[in-house]
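[1] how does the following fold in three dimensions:
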Amino acid sequence: MFNPISSPIIKKDLKVISRSMKFSWGLFAYEAVLAIVFLFSLSIAGIERSYSGISSNTDIYSGYVYFFPIIGITQLMIIALIVPIITASSISGERERKTMDVLMTTTTTPVNIILGKIGSAVVRVMIFVIASIPLLSMSFMVGGLTWLALLEYIVMAFFLACFTGSVGIFSSSLCKKSITAIILSYVIYLGIYGFPFVVMLIEYLIDINKTDFYVAPFALLINPVFTFIVFFVDRMSGTDILQIFGGSHGGLWNALRNPKIYIIISIVCQVGLTALFVNLSSKRIGPGKK
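    The predicted model follows:
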C-alpha cells in the first residue's frame, strides 16, 4: 500500500528541494509571472473603466472576479509545461546516472517508485499553487465568488498535476534519454488534448447542419482543458456551455448535461487514465526491464 507521507522517494526529493536555491528561485519566478499577469489585468481593467465611464465602487470591484480565470489559466499553463520536465526525466534520469539498478534492489516496489516520483512532482506543483492563493483570493474577497470555487479549483489543479505527472513518468519509462522522454510526453499531451476536438470537427463536417454531437462530448471527458473551460464558465457566469452539443442524445447525455456532474465524471475518467499510465510505467521498470 502506497503511503505518500512515508514514501522514501518523496522524503528524499523534498529534502533536496528544500535545501536548493534553484527551487526557491523557481518559486520566485513563478510568483513574478503571476504578479505581472495580475498587474497587466489590473491595468486593462482600469483602461476599460476609463473608456466606459464607470466610476462607482461597485462597478470597480466587480471586475476583480475576472482575475480568477486569468490567474487560474496562467497557472494551469505553467503546470502543463513544468510537470513533464520534472517527471519525464525521473526514470530516464536514473538510467542516465546508472542508478536505476541500485534503486530496483531496494524493497520499494516498481509501483511505489512510480507513485513516489509522481508524488514528488505533485508536491512541488501544489506548493506553487498554494503560494498563488493571495492573488487568487482577490476574486473572492471583492469579486463575489465563493470560497468553495477556490477549493474546487485547487482540487482540480491537484488532479491535473497527477494526470500530467503520470503521462511524463510513462514517457520516462519508455525512453532512455530525458530529452526524448520530455518530447514524447508533449506528443502524448497533444494527442489527449487534440483528439476529442478532432472527433468534434469530424462530427461537424459529416453533417454541417446538425445541432447535436453524439461522440465529441464523451471524448472530451478525457480532456483536462475542456474540463476547466466548463468549470470556469459555470462558476463565472452560470452558463451551460454543454448546450453547444445539443440535447437530443438520450438518457445518458441528459445525466451528464449538468456542468457539475460533467466535471466530476471528467475527473474520474482522467484519474482512470492516470492509473493506467502508472500501471504501464510500473511494468516497464519491473525486474528484467532495461
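[2] what distance do you get for the closest residue to residue 285 other than its chain neighbours to residue 237?
    Nearest residue to residue 285, sequence neighbours excluded (Cβ to Cβ, 6 or more residues apart in numbering): residue 110, at 5.1 Å. From N, CA and C alone the C-beta is placed, and that goes for glycine too. Relative to residue 237, residue 110 is positioned 46 Å away (Cβ to Cβ, to the nearest Å).
[3] now swap in residue 201 and tell me
    Residue 201 is 26 Å from residue 237, by Cβ to Cβ.
[4] which SS class is residue 29?
    At residue 29 the chain is in helix, as set by DSSP: H, G, I helix; E, B strand; the rest coil.
[5] how many other residues sit next to it?
    For residue 29, the count of nearby residues is 11 (other Cβ atoms under 10 Å).
[6] please tell me how far it sits from residue 219.
    36 Å.
[7] more crowded one of residue 110 and residue 237?
    Counted by other Cβ under 10 Å, residue 110 and residue 237 do not tie: residue 110 has more neighbours, with 20 against 10.
[8] now do the contacts for that one.
    By Cβ atoms under 8 Å, 6 or more residues apart in numbering, the contact set of residue 110 is 104, 282-283, 285-286.
[9] same question for residue 226.
    Going by Cβ under 8 Å, 6+ apart, residue 226 touches 196, 220, 266.
[10] could you identify which of these has the most neighbours?
    residue 220 leads the contacts of residue 226 on contacts (other Cβ under 10 Å) with 25 neighbours.
[11] pLDDT wise, what is that residue at?
    For residue 220, the pLDDT comes out at 86.
[12] wait, isn't it in contact with residue 194?
    No: with contact defined as Cβ atoms under 8 Å, residue 220 does not count as touching residue 194 (11.2 Å).
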